[in-house]
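Asker: need coordinates for the following:
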Amino acid sequence: MTVDRQPVYRLAPRRTGTALLGLAVPQVILLAAGAAAVVLIPATTRSGAGAVTGLVVAAACAAVAFCPVGGQPLYGALPVLLRYAARRAVGRAGWSAPLPLLTPAAGKRVLAVRARPATAPACLAGLELVSVRGRTGPASAGPWRR
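Answerer: Predicted structure coming up:
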């Protein structure tokens, strides 16, 4: 005895957020910019160098649209990278905060009790604080594990 079985079809999960042929909106914009560069740059320069430049710009747009970096598309990571580069260029990429042990109020307390040495906060237990001289700024402290 044979049993007729219906075939089972399993499709991949439906991709959401697509605009055209499965591409996301930023990918469509980047591809349109690359296509415009291939046409407009050689037309305005009227030289072989313009044609090469147009192709390079189009290839860069296609790479940004399709190449993944760290598991996500490059066009998704690009705003973060540009923001970091801009902050780094103006010298605002660093982060600093006063250590609880080195605040003025803590300093007065430590000076009042000279018999016992100052201890680091619990979050810095097992670490030694070392002074590091910056290239352009004042010295800063950082943790060092022995």
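
Asker: only C-alpha atoms for contact and neighbour calcs from this point on.
Answerer: Fine.

Asker: buried residues in the strand or helix carrying residue 78?
Answerer: Using DSSP states H and E, the element containing residue 78 is helix 74-89. Neighbour counts over helix 74-89 (16 or more other Cα atoms under 10 Å) mark 74, 75 as buried.

Asker: can I get that helix in PDB, CA atoms only?
Answerer: Extracted in PDB, the C-alpha atoms of helix 74-89 (Å, rounded to 0.1, in the frame of the first residue of the first chain):
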ATOM      1  CA  LEU A  74      28.500  48.900   5.400                       C
ATOM      2  CA  TYR A  75      25.900  51.500   4.800                       C
ATOM      3  CA  GLY A  76      24.500  50.800   8.300                       C
ATOM      4  CA  ALA A  77      28.000  51.100   9.900                       C
ATOM      5  CA  LEU A  78      29.000  54.100   7.900                       C
ATOM      6  CA  PRO A  79      27.300  56.800  10.000                       C
ATOM      7  CA  VAL A  80      28.900  55.500  13.100                       C
ATOM      8  CA  LEU A  81      32.300  55.400  11.500                       C
ATOM      9  CA  LEU A  82      31.900  59.000  10.100                       C
ATOM     10  CA  ARG A  83      30.700  60.300  13.500                       C
ATOM     11  CA  TYR A  84      33.800  58.700  15.200                       C
ATOM     12  CA  ALA A  85      36.100  60.100  12.600                       C
ATOM     13  CA  ALA A  86      34.700  63.600  13.000                       C
ATOM     14  CA  ARG A  87      34.900  63.400  16.800                       C
ATOM     15  CA  ARG A  88      38.500  62.100  16.500                       C
ATOM     16  CA  ALA A  89      39.400  64.900  14.100                       C
END
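
Asker: I'd like to know which elements that helix is packed against.
Answerer: Here helix 74-89 touches helix 48-66, going by 3 or more Cα pairs under 8 Å, 6 or more residues apart in numbering; DSSP states H and E.
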